[in-house]
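In: Give me a 3D structure for the following:
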Amino acid sequence: MAVAEHLHFGRAARQLRIAQPALSKTIQRIESRLGVDLFVRTSRSVALTAAGTTLLEHGRHALNAMDIAVHRTQQASEPDHLRLAMKPGGDAGLLPGLLAAYAEQQDAKRVEIMFCSGTDRARMLRDGHADVALLYAPFDDLAGFTTVTLHVEDRVALLPQTHPLAGRVSIRLKDLAGDVFPRWVGVPTDQSAGPEIEDVNELVPLVQIGRAVAVLPRSLVSPAPPATVCVPVEDAGTSSIALAHNAHDHRNTVAAFVTAASSAACLRTS
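Out: This is a model prediction of the structure:
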């Protein structure tokens, strides 16, 4: 079909990503097996014979049927739901639009939302207990995942209202050198003096009573909880929310969800 559509062995070989001599030998084997000539070849042109035209017509139907068979087989093997792992409140407001966009997909499934803390989201994705996950870069380990960035934001320091820096318009990381930072479960850190916590819900009460401070993506603490303030940290860099799935997972359901998420994120920023 490639040669018939291009009527050029070189272009057909490039499309198929094989060497031209190998393609010529393959065509010769097909002609030998069928006992007919499929092409009229000259030094300047390639043309279809009547037999070649017939095979092209029926070949298209055969390949279309095979594509449909593969698609329906893959659909039959997929569960009736899609599992999304995310941190509680860790969607920066993206989730409603994302789910709405996915629901409009022809083969949309029911979305089961799995709330996870710490590093559980990436682990569940790797273990196959989740199909897709909303992860934070650069905090989560994205190795082995295919990702699409949905949202980029700055980072802020979450401070008690009584903190000396609470009234500042912005600060730098060095300004917090004397403060106590929490230890996040599963995340290696050199700052080991602070309390161990799993999520922002555990962090907020500690900040409110002056036992800890933290530098976080803005969306996780916006608006600021009572008795706390959020101060932008100039040199903390940006944080991004990425939709991730296993790089080897090519299921239609996952691809449709990724497409919907990308569209929803673009609409939100346009």
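In: Below-threshold pLDDT in the stretch 1-150 of the chain: ranges please.
Out: Residue ranges of the stretch 1-150 of the chain with pLDDT under 70: 71-79.
In: if you go through it in chain order, where are the helices?
Out: 2-6, 9-16, 20-34, 50-77, 95-103, 120-127 (DSSP state H, counting those that start in this stretch).
In: any chance of these in CSV, with mean neighbour count too?
Out: Bear in mind the C-beta positions are built from the backbone N, C-alpha and C, glycine included. Formatted as CSV, these follow (neighbours: other CB atoms under 10 Å):
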stretch, mean neighbour count
helix 2-6, 18
helix 9-16, 16
helix 20-34, 13
helix 50-77, 12
helix 95-103, 17
helix 120-127, 19
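In: Can I get the ones you listed in JSON lines including distance to residue 145?
Out: Below are the helices of the stretch 1-150 of the chain laid out as JSON lines (distance: least, CB to CB, whole Å):
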{"stretch": "helix 2-6", "distance to residue 145": "34"}
{"stretch": "helix 9-16", "distance to residue 145": "30"}
{"stretch": "helix 20-34", "distance to residue 145": "36"}
{"stretch": "helix 50-77", "distance to residue 145": "21"}
{"stretch": "helix 95-103", "distance to residue 145": "17"}
{"stretch": "helix 120-127", "distance to residue 145": "7"}
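In: Could you point out which of those sits nearest residue 219?
Out: The closest of those to residue 219 is helix 95-103. By CB to CB, the value is 11.5 Å.
In: Would you mind pulling the contact partners of the closest one?
Out: Residues outside helix 95-103 that contact it (CB atoms under 8 Å, 6 or more residues apart in numbering): 86, 91, 108, 111, 113, 150, 256-257, 260-261, 263-265, 267-268.
In: now those residues: which count as buried?
Out: 86, 91, 108, 111, 150, 256, 257, 260, 261, 263, 264, 265 (16 or more other CB atoms under 10 Å).
In: if we take those residues, which one ends up nearest to residue 33?
Out: residue 256 (39.7 Å).
In: I'd guess that closest one is in a helix, am I close?
Out: Yes - Residue 256 forms part of a helix when assessed by DSSP: H, G, I helix; E, B strand; the rest coil.
In: my guess is residue 112 meets residue 81, correct?
Out: Yes - using CB atoms under 8 Å, residue 112 is in contact with residue 81, at 5.0 Å.
In: returning to that earlier point: is it possible to get CSV of the buried ones among the contacts of helix 95-103 that adds distance to residue 172?
Out: Output for those, formatted as CSV (distance: CB to CB, whole Å):
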residue, distance to residue 172
86, 31
91, 29
108, 46
111, 40
150, 28
256, 43
257, 39
260, 39
261, 34
263, 37
264, 35
265, 30
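In: Now, those that are in strands?
Out: 86, 111, 150 (DSSP state E).
In: Dihedrals phi and psi, residue 162?
Out: The phi and psi values for residue 162, taken as degrees, to the nearest 10, are phi -90, psi 0.
In: Number the residues from 349 up from this point.
Out: All set: I'll call the first residue 349, so the last point we hit is now residue 510.
In: Wait, it touches residue 558, no?
Out: Yes - counting by CB under 8 Å, residue 558 is a contact partner of residue 510 at 6.5 Å.
In: When these two are compared, which one has more neighbours?
Out: residue 558 (15 against 12; other CB atoms under 10 Å).
In: Out of the buried ones among the contacts of helix 443-451, which is nearest to residue 371?
Out: Nearest to residue 371 among the buried ones among the contacts of helix 443-451: residue 604, at 34.6 Å, using CB to CB.
In: Let me see the contact set for residue 573.
Out: 506, 552, 555, 556.
In: What residues are bridge-paired with the nearest residue to residue 478 once chain neighbours are set aside?
Out: Of all residues not flanking residue 478 in the chain, residue 433 sits nearest, at 3.8 Å (CB to CB, 6 or more residues apart in numbering). Beta-bridge pairing for residue 433 (DSSP bridges): residue 462, residue 481.
In: Give me the distance between residue 433 and residue 471.
Out: Going from residue 433 to residue 471 by CB to CB, to the nearest Å gives 9 Å.
In: do the same with residue 500
Out: Counting by CB to CB, the separation of residue 500 from residue 471 is 24 Å.
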